[in-house]
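> Please work out how this folds:
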Amino acid sequence: MADLFADQDDHAQAERAPGSDAAHGDAPLADRLRPRALDEVIGQEHITGPQGAIGRMVAAGKLASMILWGPPGTGKTSIARLLADAVGMRFVAISAVFSGVADLKKAFAEADKMAQAGKKTLLFVDEIHRFNRAQQDGFLPFVERGTVTLVGATTENPSFALNAALLSRAQVLILERLGAQALDQLLRRAEELEGPLPLTDDARAALIASADGDGRFLLGQAETLYNARLDAPLDPEALARFLQRRVAVYDKDRDGHYNLISALHKAVRGSDPQAALYYLARMLTAGEEPLYLLRRLVRIASEDIGLADPGALTQCLAAKDAYQFLGSPEGELAIVQACLYLATAPKSNAVYTAQKSAFRTARETGSLMPPANILNAPTSLMKDIGYGEGYSYDHDAEDGFSGDDYWPEGLEPQTFYAPVERGFERKVRERIEYWERLRRERRG
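Residues are numbered from 1 along each chain as shown. Okay, the predicted model is just below:
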C-alpha cells in the first residue's frame, strides 16, 4: 500500500510537471487542462482568492483540515493537489469507494514515517461521505496530532454524511456549481489547446447549459467533438443528435437556461399562468431536462405558496411521479398541470421567511435547553432532577390547549411564522390568533 501511495504521489507530480506525458500526451482533455496553481482554478475564487479561506491559509503557509463540499466537476480534486504544492506538503490521495480501515491504517503509518523525516502529508479522501461512522472515527487521532492534514471531498451535505466529531476538527468549504461564465472560460482554455470547437454560437451556449455546472463533463463533451473531426459547425439541434443528449436550444436573442428558469419562477410567483406556461414550453421544447423543471416547481410550491394552498406541494410531487411513470412526452402534461396549479394558487412566502428567521435564531442562540417540564424522563435519575415535572397534557386541558410555555429559559417567545390573509393561510392565521388569546387568558 505504501508503494501504491508513492506511485500516486509520482503520478500527481507528473500531471503537474510541464512537458510530461500526462500534461501533453494522450491524457484526457480535462487532465491536460488541470490548473497548475490555485489562481488558475475557475469559479471558486470565493475560497481560493486572497480573501478566501484557502487563500488565507496558503498565504500563512499553514493548512487546517477541511471538507470540500460541492457538485461534481467543480474542482475539488484539483484544489487539494494544488494545496499540497502551495505549502510544500506530500500529497496522498485515496478514494472511499475502494478503500477500507486497513488501507487507512497503512496510509497513516506511511505518513508517520514521512513526518519523522520532516515531510508533512496532505491526505486527500475523495467521496469521504462513503466511509461509515466507524471508519470516519479512524481519522480522528491522526488529524488531532497532526500526522496528516485531512482534505475530504464530498458531494453530500456534510451535516448528514459526516459525523460530528470529524466535522468539529475540519472546516467545511463550499464549492459552487460552475456558472455559464466559468464554463465558457473552461471552453476557451480548451480551444487555446485544441482549436475552435465545431459549433455555432447558439450550439456553444447549449453545450454549456447542458453541462449543468460540471466542468469535467463539459470538457468530456468538448473532447468528443474534437475527436469526431467534424467538417462543419453543428447547430443546437445537430449537437443534440450528435451527442445523443438533449440540450437546450437558444433563440436568436440568446436567452439562456438560467434566464428562462428565472422567468418561469417569477411568472408563477406573479400569478401569470399564461406567461408561466410560455416559459415552461420554451424550456421543454428546447430539450430541458423535465426533472430539473419539476425540482424548481417543487421549490416554488414551498417558497412562494406554502400553506396558502397546501395542495400545491402535493400537485408537484404527483406530477413528478406521473412523469417518471409515463415518461416523455406523455408525462410532460402533468408538468404543465403542476405549473398552472402553482401559477393560479394563492401566494404566500410566510413559510420561506419563517424558515430563514428560525434558522437565524437557532444559529444565534446555540444549545439552549428546552424547559424541564417538556423533557422526557425515561430514567429515575431524570425524574429526580425534574425532567417532565409539571407537564400539561394538552388533550386533557379545556379546548385541547394547555397554554404552556415551550421556549427555552433565556429566550423570549419569537414570531417566525406570520400567515397572510390569503388562501388557506387565512384560516391558519385565525387559529394562531385564537391560541394566542387563550394563552394570554390562561397565563393571567
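
> Need the nearest residue in space to Leu326, chain neighbours excluded.
Nearest in space to Leu326, with sequence neighbours left out and distances taken as C-beta to C-beta, 6 or more residues apart in numbering, is Ala334 at 7.3 Å. Every residue, glycine included, has its C-beta placed from N, CA and C.

> likewise Ala30?
Of all residues not flanking Ala30 in the chain, Leu219 sits nearest, at 4.2 Å (C-beta to C-beta, 6+ apart).

> looking just at contacts, which helices and strands does the helix or strand where the one you found lies meet?
Following DSSP states H and E, one finds Leu219 within helix 215-228. Using 3 or more C-beta pairs under 8 Å, 6 or more residues apart in numbering; DSSP states H and E as the contact criterion, the secondary-structure elements in contact with helix 215-228 are helix 29-32, helix 180-194, helix 201-210, helix 236-243.

> Name the stretch among the ones you listed that sits most buried.
Comparing those on average neighbours per residue, with mean count of other C-beta atoms under 10 Å, the densest one is helix 201-210 at a mean of 22.

> Report the rounded mean pLDDT for that one.
Computed over helix 201-210, the mean pLDDT rounds to 89.

> again with stretch 363-382
Mean pLDDT, taken over the full extent of stretch 363-382, equals 85.

> Give me the contact list for that stretch.
Contacts of stretch 363-382 with the rest of the structure, by C-beta atoms under 8 Å, 6 or more residues apart in numbering, involve 383, 385-392, 404-411.

> how near is the spatially closest residue to Asp126 that is not a sequence neighbour to Thr155?
Taking C-beta to C-beta, 6+ apart as the measure, Asp126 lies nearest to Ser95, with 4.6 Å between them; neighbours along the chain are not counted. Counting by C-beta to C-beta, to the nearest Å, the separation of Ser95 from Thr155 is 13 Å.

> Give me the buried entries from the contacts of stretch 363-382.
Buried members of the contacts of stretch 363-382, counted by 16 or more other C-beta atoms under 10 Å: Tyr387, Tyr391, Asp404.

> follow-up on the earlier one: what residues are shared contacts of Ser95 and Thr155?
Common neighbours of Ser95 and Thr155 (C-beta under 8 Å, 6+ apart) are Glu127.

> Show me where the stretch 201-350 of the chain dips below the pLDDT cut-off.
245-256 (pLDDT under 70).

> please redo it, this time with the cut-off set to 50
For the stretch 201-350 of the chain, the stretches with pLDDT under 50 are 250-255.

> can you map out the helices along it?
Under the criterion DSSP state H, counting those that start in this stretch, helices of the stretch 201-350 of the chain are mapped to 201-210, 215-228, 236-243, 257-269, 273-286, 290-300, 311-326, 332-344, 350-365.

> Quick check: buried residues in the second one?
Buried residues in helix 215-228, counting neighbours by 16+ other C-beta under 10 Å, are found at Gly215, Arg216, Phe217, Leu218, Leu219, Gln221, Ala222, Glu223, Leu225, Tyr226.

> With distance to Ala86 as new columns, can the residues you listed be given to me in JSON lines?
Shown next, in JSON lines, are the buried residues of helix 215-228 (distance: C-beta to C-beta, whole Å):
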{"residue": "Gly215", "distance to Ala86": "21"}
{"residue": "Arg216", "distance to Ala86": "22"}
{"residue": "Phe217", "distance to Ala86": "27"}
{"residue": "Leu218", "distance to Ala86": "26"}
{"residue": "Leu219", "distance to Ala86": "23"}
{"residue": "Gln221", "distance to Ala86": "30"}
{"residue": "Ala222", "distance to Ala86": "28"}
{"residue": "Glu223", "distance to Ala86": "28"}
{"residue": "Leu225", "distance to Ala86": "34"}
{"residue": "Tyr226", "distance to Ala86": "31"}
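
> Who are the contact partners of Ile300?
Residues counted as contacts of Ile300 (C-beta under 8 Å, 6+ apart) are His265, Val268, Arg269, Cys316, Leu342.

> what residues are up against the third one?
Same thing as Arg269. Ile300, Asp304, Lys347.

> how much space between it and Gly306?
According to C-beta to C-beta, Arg269 stands 12 Å off from Gly306.

> what number of residues lie near Ala338?
Neighbour count of Ala338, defined by other C-beta atoms under 10 Å: 27.

> what does Thr365 give?
So Thr365, with other C-beta under 10 Å, has 12 neighbours.

> That one and Pro273: what is the separation?
When distance is defined by C-beta to C-beta, Thr365 is 42 Å away from Pro273.

> Equivalent analysis for Ile300, please.
Between Ile300 and Pro273 the distance, using C-beta to C-beta, works out to 13 Å.

> Check the average confidence over stretch 146-155, would you?
Per-residue scores along stretch 146-155 average to 91.

> Report the buried residues of that stretch.
Applying a neighbour-count criterion of 16+ other C-beta under 10 Å, the buried positions in stretch 146-155 are Thr147, Val148, Thr149, Leu150, Val151, Gly152, Ala153, Thr154, Thr155.

> In JSON lines: those residues, plus secondary structure and distance to Leu207.
Listed next are the buried residues of stretch 146-155 as JSON lines, based on DSSP: H, G, I helix; E, B strand; the rest coil; distance: C-beta to C-beta, whole Å:
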{"residue": "Thr147", "secondary structure": "coil", "distance to Leu207": "45"}
{"residue": "Val148", "secondary structure": "strand", "distance to Leu207": "40"}
{"residue": "Thr149", "secondary structure": "strand", "distance to Leu207": "38"}
{"residue": "Leu150", "secondary structure": "strand", "distance to Leu207": "36"}
{"residue": "Val151", "secondary structure": "strand", "distance to Leu207": "31"}
{"residue": "Gly152", "secondary structure": "strand", "distance to Leu207": "31"}
{"residue": "Ala153", "secondary structure": "strand", "distance to Leu207": "26"}
{"residue": "Thr154", "secondary structure": "strand", "distance to Leu207": "28"}
{"residue": "Thr155", "secondary structure": "coil", "distance to Leu207": "23"}
